[in-house]
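Engineer: Sequence and predicted structure below; questions after.
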Amino acid sequence: MATPTHETEHQITLPADPRAVYAVLADASGWPAVFPPTVHVAVIERGGGSERLRIWATANGRPKTWTSRRELDPEGLRIRFRQEVPAHPVAAMGGEWIVEPVGGGTRVRLRHDFSAVDEAGLDFVAKAVDRNSEAELAALRTAAAGGRPVTFEDTVRVRGAAGDVYDFLYRADLWHERLPHVAAVTVESETPDVQLMTMDTRAADGSAHSTTSVRVCFPEHLIVYKQVRTPRLLAAHTGRWTIRPEGGETAVTSEHTVAIAQEAVTDVLGSGATVAGAHAFVREALGRNSRATLRAAKEYAETLR
């Protein structure tokens, strides 16, 4: 039997324009680059101030997915949401974002009402609501301060099958055998086509970095991912592998969207380093590894052909 409904409210006050804050909340497709728990958002339908979304996110560090309906009120600066297909152990979940002008800034209130499938699940849900709400509100402060993400990509053309390219990228558990910059990797999957991946990589200067990512896989054309544990220089890192058959070949694109942790720039890159320089550094480092992966996927697929 489901538990009784519980209600919570979290809030934050920001030195930002209310409509600019509302715009961040309304753009659910942009949430993976803003909100730490959100991995991917797919718009199922939209119209008349309402939308249905499929959301992949982390709850207490574990990947979860659910379907929600949102009602947007841009004049009242409110967004109501209700899960239509919850993720276990949630029995029911809804709430509201409320954006209010206060003084020269904005107060954001995030309300939730929820129940769990049983008492054991209630503790998990309550902790996830608290952790995710606090993380999302803190991320709004960063977004309001102008920490905008940057996107870049690399593409190769493969004379091989899209399915073979996808298989190479999907089987990340084999990357430590196939890619020289990968020292170790583990992949867990509790839900089909949703992976929790921990990877140790070697940088060009010999240093090692450990990251944890959630990957959402769409056979045989797309893999999106979100780093839930990033290197110190990055405040956020999302990406996607896109596989497109084109004219008898396959185009494969690696795309990264990153936000720099501005407070870490000089500590990581040295005194005198700038945010622009950090973007260039990250672009080269991530691009180098992506291009190596693209070349290996190309060789794999072309050899099979």
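Structural biologist: Yes, it's here. Numbering: from 1, shown residues only.

Engineer: For whichever helix in the chain runs longest, name the packing helices and strands.
Structural biologist: Using DSSP state H to define each element, the chain has its longest helix at helix 275-304. If contacts are counted by 3 or more C-beta pairs under 8 Å, 6 or more residues apart in numbering; DSSP states H and E, helix 275-304 sits against strand 150-158, helix 162-170, helix 175-178, strand 249-260, helix 265-269. (Glycine included, C-beta is placed from N, CA and C.)

Engineer: any idea which helix or strand comes after the third one?
Structural biologist: Think helix 175-178. strand 182-191 (DSSP states H and E).

Engineer: of the helices and strands packed on helix 275-304, which approaches residue 295 most closely?
Structural biologist: strand 150-158 (6.9 Å; C-beta to C-beta).

Engineer: how many degrees apart are the closest one and strand 249-260 in direction?
Structural biologist: For strand 150-158 against strand 249-260, the angle by axes from the mean of the first three to the mean of the last three C-alpha atoms, to 10 degrees is 160 degrees.

Engineer: Out of the helices and strands packed on helix 275-304, flag the one nearest residue 24.
Structural biologist: Evaluated over those, closeness to residue 24 peaks at strand 249-260, with 12.9 Å, by C-beta to C-beta.

Engineer: hang on, the earlier thing: distance to residue 63 added to the helices and strands packed on helix 275-304, as JSON lines?
Structural biologist: Shown next, in JSON lines, are those (distance: least, C-beta to C-beta, whole Å):
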{"stretch": "strand 150-158", "distance to residue 63": "23"}
{"stretch": "helix 162-170", "distance to residue 63": "16"}
{"stretch": "helix 175-178", "distance to residue 63": "19"}
{"stretch": "strand 249-260", "distance to residue 63": "19"}
{"stretch": "helix 265-269", "distance to residue 63": "28"}
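
Engineer: So which of these is nearest residue 131?
Structural biologist: Nearest of these to residue 131, taken as C-beta to C-beta: strand 249-260 at 19.9 Å.

Engineer: who does that closest one pair up with?
Structural biologist: According to DSSP bridges, strand 249-260 has the following sheet partners: strand 150-158 (antiparallel), strand 234-246 (antiparallel).

Engineer: Identify whichever of the ones you listed lies nearest to residue 183.
Structural biologist: Of all the strands paired with strand 249-260, strand 234-246 sits nearest to residue 183, with 18.7 Å by C-beta to C-beta.

Engineer: Now that closest one: buried residues?
Structural biologist: 234-243 (16 or more other C-beta atoms under 10 Å).

Engineer: what do you get for stretch 44-59?
Structural biologist: 51-53, 55-59.

Engineer: Can you list which of those residues are found in strands?
Structural biologist: Per DSSP state E, strands hold the following members of the buried residues of stretch 44-59: 51-53, 55-59.

Engineer: Contact partners for residue 250?
Structural biologist: Contacts for residue 250 (C-beta atoms under 8 Å, 6 or more residues apart in numbering) come out as 157-162, 165, 243-244, 301.

Engineer: That one bridge partners, please.
Structural biologist: residue 158, residue 245.

Engineer: Show me the domain layout of this protein.
Structural biologist: Taking automatic domain parsing as the domain assignment, the ranges for the chain are 6-144, 150-304.
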